[in-house]
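Q: below are the sequence and a predicted model; questions follow.
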Amino acid sequence: MTSLARIVTFSATVALLSSAPALAQKVTYDVHRSADFAQIRTFSIKETPPEDLKASKTTAYDSPIVKQNTDAAVAAQLKARGLTRDDVNPDVYVTTRRSFQTEYYGYGWPGWGYGYGYGYWGAYGYGSYYLEPQVVGTLVVDINDAKTGELLWRGLSERDMHPTSSPEHRLKRINREVSKIFNKYPGIVSTSGSYIPTTTD
């Protein structure tokens, strides 16, 4: 009976470990109440140093390639809204930056019945409990007035990072992430040059 209880508990714990809770992408924004987006026609991407220097040098989810792909996705979103890139005399400067934090999710039943534990779980004993780390990343996109430096609009996205994703999957996630952020951008410029306001709610 004891062996059976151990097998059942061990199997259930493995099942829990294989289904870490995924953080759905959370998006929010802020906008300067007096910003006139009808006057914003040109932009430039302004380079900024990485928020987390270690992550930039040692991970695939915050490498210089991710930075380049993120900036390219932002530029594509602005161009799709009728803005033109002008690195000489832009109306606004756009910056992107990422920050990270590690959150822990608990699994198992500490102190309940018999349970095996080895490797990540620790030594054999009564009950099994495991804290699994999950890196959560925040992407911030700022749009600042090029002349005054004033922040006009900020979009933020928070989601789980996938350290072992393929480059193709990582690029898709970046494009989807940036696209959702710009769903909150307050307007587009049509091909005729006229400004078309859009809701940000």
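A: That came in fine, so what should we check first? The structure displayed is predicted, hence computed values, not measured ones.
Q: got any ranges where the protein has weak pLDDT?
A: 1-24, 104-133, 189-201 (pLDDT under 70).
Q: tell me how many other residues surround the closest residue to Ile65 other than its chain neighbours.
A: Leaving aside its chain neighbours, Ile65 sits nearest to Pro167 (7.8 Å; criterion: C-beta to C-beta, 6 or more residues apart in numbering). Heads up, the C-betas are built off the backbone N, CA and C, glycines and all. Neighbours of Pro167 under the rule other C-beta atoms under 10 Å: 11.
Q: okay, Pro167 and Asn69: tell me how far apart.
A: For Pro167, the distance to Asn69 equals 9 Å [C-beta to C-beta, to the nearest Å].
Q: about what we covered before: against Thr59, how distant is the residue nearest to Ile65?
A: For Pro167 relative to Thr59 (C-beta to C-beta), the value is 13 Å.
Q: ditto for Gly155
A: Taking C-beta to C-beta, one finds Gly155 at 23 Å from Thr59.
Q: neighbour count winner among those two?
A: Here Gly155 and Thr59 are compared on neighbour count by other C-beta under 10 Å; more neighbours surround Gly155, at 25 against 15.
Q: how about the more buried one, what does it touch?
A: 27-29, 140-141, 181-182, 184-185 (C-beta atoms under 8 Å, 6 or more residues apart in numbering).
Q: looking at this, it is in a strand?
A: Yes. The assignment for Gly155 by DSSP: H, G, I helix; E, B strand; the rest coil puts it in a strand.
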